[in-house]
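S.K.: From the sequence below, what's the structure:
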Amino acid sequence: MILTANHWLDLNMLKRISKARAAGIVTLTLAIIICFHITVLVGIVPYDMVWGGRLNSADEMFVFELSSIFINLVMIIMVNARIGKLKIPSIKVAGVFMWIFFVIFTLNTIGNLLAKQSLETYIFTPVTFILAILMLRLALKD
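M.R.: Just a heads-up that it's a prediction; the model follows:
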């Protein structure tokens, strides 16, 4: 017997979540994540507790955190473009980005499972897993 994606995840069940609801959850979650990255930037959260505990200096942290904030902002823009709240030249571009974000969050979930810090493993693994599922929902055609 050959197993397909439908055996692991019922895509029809996933489509019960409206794209607008998925986009709202993703946008809110990413906004909260941006706030978290800001707390790392200003030193409220020590940088050795993020990025799998692999950052070696404040300079590295600065680059990684600013990059992450930028990427999260791009994701918020593309998610809202996908549901038509923001206009971009091609809506297909937003759809392609949803697939890319799905892959990124899936890989990030695996990375969080392998993190040295339990904060990432226990808190961010479920968050990135849920974001991966919601990005898959946004990527799928109705």
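S.K.: ok, residue 37 to residue 84 distance?
M.R.: 28 Å (CB to CB, to the nearest Å). Yep, even glycine has a C-beta here, placed from its N, CA and C like the rest.
S.K.: contacting residues around the longest helix along the chain?
M.R.: Counting residues, the longest helix found in the chain (DSSP state H) is helix 58-82. Here helix 58-82 makes contact (CB atoms under 8 Å, 6 or more residues apart in numbering) with 19, 23, 26-27, 30-31, 33-34, 37-38, 40-41, 47, 50-51, 55, 86-88, 91, 93-95, 97-98, 101, 138.
S.K.: Try it again at 6 Å.
M.R.: Under the criterion CB atoms under 6 Å, 6 or more residues apart in numbering, residues 23, 26-27, 30, 33-34, 37, 40-41, 47, 51, 55, 86, 88, 94, 97-98, 101, 138 lie in contact with helix 58-82.
S.K.: could you pull out the helices for the chain?
M.R.: Along the chain, counting by DSSP H, helices occupy 5-8, 11-14, 19-41, 58-82, 91-113, 118-119, 125-139.
S.K.: Name the residues of the fifth one that are buried.
M.R.: Buried positions in helix 91-113, judged by neighbour count with 16 or more other CB atoms under 10 Å: 94, 95, 97, 98, 101, 102, 104, 105, 106, 108, 109, 112.
S.K.: among these, which one has the lowest pLDDT?
M.R.: Looking at the buried residues of helix 91-113 by pLDDT, the weakest one is residue 112, with 83.
S.K.: quick one: least confident helix or strand in the chain?
M.R.: helix 5-8 (a mean of 52; mean pLDDT, DSSP states H and E).
S.K.: Give me the buried stretch members for stretch 48-59, please.
M.R.: By 16+ other CB under 10 Å, the buried positions in stretch 48-59 come out as 49, 50, 51, 55.
S.K.: Identify the residues contacting the second one.
M.R.: Same thing as residue 50. Contacts here follow CB under 6 Å, 6+ apart; on that basis residue 50 touches residue 40.
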